[in-house]
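1. this one's sequence-less:
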């Protein structure tokens, strides 16, 4: 397998963390989708990373699809419950973390890709409201639990850890550590794992 992505993308990081936790060998190829000479559309018509190239040459897109598939390849470090409400709960955590990222990335694109005179402060405020509410929801759901989905490390923790790490990387002005110390405690614990240490965004 070959993973195409960037060192800064939180969605790419999520897949890289899962690959490391599952101890799966995978070539990593850097791609800047914003570069004029990008060829990402040849493997992903949506022009996005991550993109996972399978052994038969076919492409798998969307980080949520990838990590769910990768968890089936080996019993090492099972990240998703087999079925039922527990599995849905983990996937809801992932959707929440990814939703926070989606909103924050829209803000970053608005501020960095659009001319200043065309930027909408109302749009930015709307998206930042989603980020704030999403973080509050994460903190409330986590409570005093050691991990997002109970007593075990799961894909929920991977997704939340990648989201929090990216916010610290791109939005240091968001003081989520001060506002939600339980999330900070979880993030610090996750940051000690080799899979997280080796994939710090840059």
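-> Right, received. Where do you want to start? Given the structure is predicted, the values throughout are model-derived calculations rather than measurements. Numbers count the residues shown, from 1 in each chain.

2. any idea how far residue 193 is from residue 124?
-> Applying Cβ to Cβ, to the nearest Å, the value for residue 124 to residue 193 is 33 Å. C-beta here means a position set from N, CA and C on the backbone, and glycine is covered the same way.

3. same question, residue 202
-> Counting by Cβ to Cβ - residue 202 and residue 193 are separated by 18 Å.

4. Ok, residue 1 next?
-> 22 Å.

5. can you list the domains in this structure?
-> 2-70, 84-193 (automatic domain parsing).

6. Could you tell me the end-to-end distance of the last one?
-> Using Cα to Cα, to the nearest Å, one end of domain 84-193 lies 28 Å from the other.

7. I'd like the numbering to begin with 9 instead of 1 from here.
-> In the new numbering, first residue 9, that becomes domain 92-201.

8. How far off centre is that domain?
-> 9 Å (Cα atoms, centre = their mean, to the nearest Å).

9. Please name the nearest non-neighbouring residue to residue 115.
-> residue 135 (4.8 Å; Cβ to Cβ, 6 or more residues apart in numbering).

10. Show me which positions of the helix ranked longest in the chain end up buried.
-> Identified as the longest helix of the chain according to DSSP state H is helix 92-121. Judged by neighbour count (16 or more other Cβ atoms under 10 Å), helix 92-121 contains these buried residues: 95, 97-99, 101-102, 104-115, 118.

11. quick one: furthest residue from the center of this protein?
-> residue 125 (30.9 Å; Cα atoms, centre = their mean).

12. so who does it touch?
-> Residue 125 makes contact with no residue, according to Cβ atoms under 8 Å, 6 or more residues apart in numbering.

13. so is it in a helix, a strand, or just coil?
-> Here residue 125 is helix, with the state taken from DSSP: H, G, I helix; E, B strand; the rest coil.

14. Could you say which helix or strand holds residue 77?
-> Assigning secondary structure by DSSP states H and E places residue 77 in helix 71-78.
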